[in-house]
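Peer 1: Take this sequence and fold it.
(chains A and B)
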Amino acid sequence: AQKVTQAQTEISVVEKEDVTLDCVYETRDTTYYLFWYKQPPSGELVFLIRRNSFDEQNEISGRYSWNFQKSTSSFNFTITASQVVDSAVYFCALSTAGGFKTIFGAGTRLFVKA
Amino acid sequence: DVKVTQSSRYLVKRTGEKVFLECVQDMDHENMFWYRQDPGLGLRLIYFSYDVKMKEKGDIPEGYSVSREKKERFSLILESASTNQTSMYLCASSPSFRGPNTGELFFGEGSRLTVL
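Peer 2: Numbering: from 1, shown residues only, chains lettered A, B, ... in the order given. You can find the predicted model right below:
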């Protein structure tokens, strides 16, 4: 069975703090994709990043960075110097080859206070 | 600007009513999806479609049906709404999985349905 676990339900930080959102996944497939999506208060989920199972390179995009570790089945997301606009619900997701069924975690709600 | 548009942001219906949720995408995507979002449960797949008139059950299809008569439009139907179907419904689309595909989903803004 495939599963995505985001153990942190809510996180509250003060602006400019760094914050890491955890994601642990389970799958027996050797080929799979991992994603992070952001859901701002407007409701529309926005794609942030995709990683395939053969590429364990970490990635940095501005203040965002992602750490993919197959050994621990984790795909964590770090926001450096958080801003109020980062306040949102963040979802980690997993899809296997074929991709029709993307499994989402429960989401982590991030509050960034000014 | 690419877009997935859901017809209603907020709906209030009564138990037993038939409910239609409409979704239109302008990206010429082959695949379309309906998800349900509930607190603590994340997003759960109700149905998806990989082509016109084709549909497949997701993880929680009970109480729902779908229709895809045109490539750009995917409708979710609640034949007889019940209170446990009160939820946020999210439509998404993605390009074909046959060719190079990222698996990235493009989402609408959601339709919040309340069944009284």
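Peer 1: In contact with A:Gln6, which residues?
Peer 2: Residues in contact with A:Gln6 (Cβ atoms under 8 Å, 6 or more residues apart in numbering or on different chains) are A:21-24, A:90-92, A:105-108, B:42. From N, CA and C alone the C-beta is placed, and that goes for glycine too.
Peer 1: before we move on, what about B:Tyr50?
Peer 2: B:Tyr50 makes contact with A:100, B:30-31, B:56, B:97, according to Cβ under 8 Å, 6+ apart.
Peer 1: picking that back up, may I see the contacts of A:Gln6 organised as TSV, with distance to B:Ile77 and secondary structure added?
Peer 2: TSV is the format used below for those (distance: Cβ to Cβ, whole Å; DSSP: H, G, I helix; E, B strand; the rest coil):
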residue	distance to B:Ile77	secondary structure
A:Leu21	35	strand
A:Asp22	37	coil
A:Cys23	33	coil
A:Val24	36	strand
A:Tyr90	31	strand
A:Phe91	26	strand
A:Cys92	30	strand
A:Gly105	28	coil
A:Ala106	27	coil
A:Gly107	27	coil
A:Thr108	32	strand
B:Gly42	23	strand
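Peer 1: what number of residues lie near residue 39?
Peer 2: Since no chain was named, I'll use chain A. The local packing of A:Gln39 (other Cβ atoms under 10 Å in any protein chain shown) involves 21 other residues.
Peer 1: Chain B is the one I meant
Peer 2: As a burial measure, B:Pro39 scores 12 neighbours (other Cβ under 10 Å).
Peer 1: do the same with B:Glu109
Peer 2: 17.
Peer 1: Columns pLDDT, distance to A:Thr80 and neighbour count on top of the contacts of A:Gln6, output as a markdown table?
Peer 2: Output for those, formatted as a markdown table (pLDDT from 0 to 100; distance: Cβ to Cβ, whole Å; neighbours: other Cβ atoms under 10 Å in any protein chain shown):
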| residue | pLDDT | distance to A:Thr80 | neighbour count |
| --- | --- | --- | --- |
| A:Leu21 | 98 | 13 | 22 |
| A:Asp22 | 98 | 16 | 16 |
| A:Cys23 | 98 | 17 | 27 |
| A:Val24 | 98 | 22 | 16 |
| A:Tyr90 | 98 | 15 | 24 |
| A:Phe91 | 97 | 20 | 25 |
| A:Cys92 | 97 | 18 | 28 |
| A:Gly105 | 95 | 22 | 26 |
| A:Ala106 | 95 | 24 | 19 |
| A:Gly107 | 96 | 21 | 25 |
| A:Thr108 | 97 | 17 | 21 |
| B:Gly42 | 91 | 25 | 20 |
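Peer 1: Please identify which of the contacts of B:Tyr50 is nearest to B:Leu90.
Peer 2: B:Asn31 (14.3 Å; Cβ to Cβ).
Peer 1: those strands in the chain, which residues are they?
Peer 2: Looking at chain A here, since you left the chain open. A:3-5, A:10-14, A:19-21, A:24-26, A:32-39, A:46-52, A:59-61, A:64-69, A:74-79, A:88-96, A:102-104, A:108-113 (DSSP state E).
Peer 1: Chain B, not that one
Peer 2: Under DSSP E, chain B gives strands at B:4-6, B:10-13, B:19-25, B:31-38, B:42-51, B:54-57, B:65-70, B:73-78, B:87-94, B:106-107, B:111-115.
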